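Enquirer: I would like to see how this sequence folds:
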Amino acid sequence: MSNRPYDIKEFPTQVKQAAEGAVRVLRSQARRPDRVGEVTHRTWELVHGGVGVAARSLSRLERATQPPARTIKRAPARRRNTTKTTDPS
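Expert: From the prediction side, this is the model:
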(Lines give C-alpha, C1' and ligand atoms only; values in the text may rest on other atoms or scores of the structure.)
Protein backbone atom coordinates (compact mmCIF):
# COMPACT_ATOMS: atom_id res chain seq x y z
CA MET A 1 0.00 0.00 0.00
CA SER A 2 1.32 3.43 -0.95
CA ASN A 3 1.63 6.41 1.37
CA ARG A 4 0.83 8.90 -1.42
CA PRO A 5 -0.82 11.62 0.74
CA TYR A 6 2.11 11.43 3.14
CA ASP A 7 4.57 11.63 0.23
CA ILE A 8 2.83 14.71 -1.15
CA LYS A 9 2.86 16.45 2.22
CA GLU A 10 6.55 15.72 2.68
CA PHE A 11 7.62 16.93 -0.78
CA PRO A 12 8.02 20.64 0.15
CA THR A 13 10.07 19.64 3.18
CA GLN A 14 12.32 17.46 1.02
CA VAL A 15 12.81 20.26 -1.50
CA LYS A 16 13.69 22.67 1.31
CA GLN A 17 16.19 20.22 2.77
CA ALA A 18 17.79 19.69 -0.65
CA ALA A 19 18.06 23.45 -1.20
CA GLU A 20 19.61 23.95 2.24
CA GLY A 21 22.13 21.19 1.48
CA ALA A 22 23.05 22.84 -1.82
CA VAL A 23 23.54 26.18 -0.05
CA ARG A 24 25.83 24.54 2.51
CA VAL A 25 27.94 22.98 -0.26
CA LEU A 26 28.18 26.25 -2.18
CA ARG A 27 29.13 28.18 0.95
CA SER A 28 31.92 25.76 1.73
CA GLN A 29 33.04 25.99 -1.89
CA ALA A 30 33.10 29.80 -1.66
CA ARG A 31 35.54 29.51 1.26
CA ARG A 32 38.11 27.71 -0.85
CA PRO A 33 41.34 29.68 -1.29
CA ASP A 34 41.63 28.92 -5.03
CA ARG A 35 40.07 30.27 -8.22
CA VAL A 36 36.92 28.17 -7.78
CA GLY A 37 36.37 29.72 -4.36
CA GLU A 38 36.82 33.22 -5.78
CA VAL A 39 34.30 32.61 -8.55
CA THR A 40 31.79 31.03 -6.17
CA HIS A 41 32.20 33.90 -3.70
CA ARG A 42 31.63 36.49 -6.42
CA THR A 43 28.56 34.59 -7.58
CA TRP A 44 27.19 34.65 -4.01
CA GLU A 45 27.75 38.42 -3.91
CA LEU A 46 25.85 38.90 -7.17
CA VAL A 47 22.98 36.65 -6.06
CA HIS A 48 22.79 38.36 -2.69
CA GLY A 49 22.63 41.80 -4.30
CA GLY A 50 20.00 40.66 -6.78
CA VAL A 51 17.87 39.17 -4.04
CA GLY A 52 18.05 42.43 -2.12
CA VAL A 53 16.95 44.44 -5.16
CA ALA A 54 14.12 41.97 -5.83
CA ALA A 55 12.97 42.15 -2.21
CA ARG A 56 12.89 45.94 -2.27
CA SER A 57 11.05 45.97 -5.61
CA LEU A 58 8.49 43.46 -4.38
CA SER A 59 8.01 45.48 -1.23
CA ARG A 60 7.33 48.61 -3.28
CA LEU A 61 5.00 46.64 -5.54
CA GLU A 62 3.15 45.30 -2.52
CA ARG A 63 2.61 48.82 -1.17
CA ALA A 64 1.58 50.15 -4.60
CA THR A 65 -0.98 47.43 -5.22
CA GLN A 66 -2.60 47.60 -1.80
CA PRO A 67 -6.32 48.16 -2.30
CA PRO A 68 -7.67 51.46 -1.03
CA ALA A 69 -9.45 51.54 2.28
CA ARG A 70 -13.18 51.33 2.00
CA THR A 71 -15.58 53.41 3.97
CA ILE A 72 -18.54 51.54 5.29
CA LYS A 73 -21.75 53.16 4.21
CA ARG A 74 -24.46 52.25 6.61
CA ALA A 75 -28.00 52.15 5.37
CA PRO A 76 -30.46 53.95 7.59
CA ALA A 77 -32.21 51.58 9.93
CA ARG A 78 -35.66 50.56 8.85
CA ARG A 79 -38.42 51.76 11.06
CA ARG A 80 -40.76 49.13 12.28
CA ASN A 81 -44.40 49.83 12.25
CA THR A 82 -45.45 49.46 15.87
CA THR A 83 -49.14 49.82 15.26
CA LYS A 84 -51.01 46.72 14.25
CA THR A 85 -53.06 46.92 11.16
CA THR A 86 -56.15 44.82 11.11
CA ASP A 87 -57.65 43.51 7.97
CA PRO A 88 -61.27 44.74 7.78
CA SER A 89 -62.41 41.91 5.52
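
Enquirer: Show me where the protein has its helices.
Expert: For the chain, the helices defined by DSSP state H occupy 4-30, 35-64.

Enquirer: Run the chain-centre distance for the shortest one.
Expert: This means helix 4-30. Centre-to-centre, helix 4-30 and its host chain are 18 Å apart (C-alpha atoms, centre = their mean, to the nearest Å).

Enquirer: And for stretch 52-61?
Expert: With C-alpha atoms, centre = their mean as the basis, stretch 52-61 stands 13 Å off its chain's centre.

Enquirer: and stretch 76-83, average pLDDT?
Expert: Computed over stretch 76-83, the mean pLDDT rounds to 71.

Enquirer: Just want the angle from the lowest-mean-pLDDT helix or strand in the chain to helix 35-64.
Expert: Using mean pLDDT, DSSP states H and E, helix 4-30 stands out as the lowest-scoring helix or strand of the chain, at a mean of 83. Orientation check (axes from the mean of the first three to the mean of the last three C-alpha atoms, to 10 degrees): helix 4-30 against helix 35-64 gives 120 degrees.
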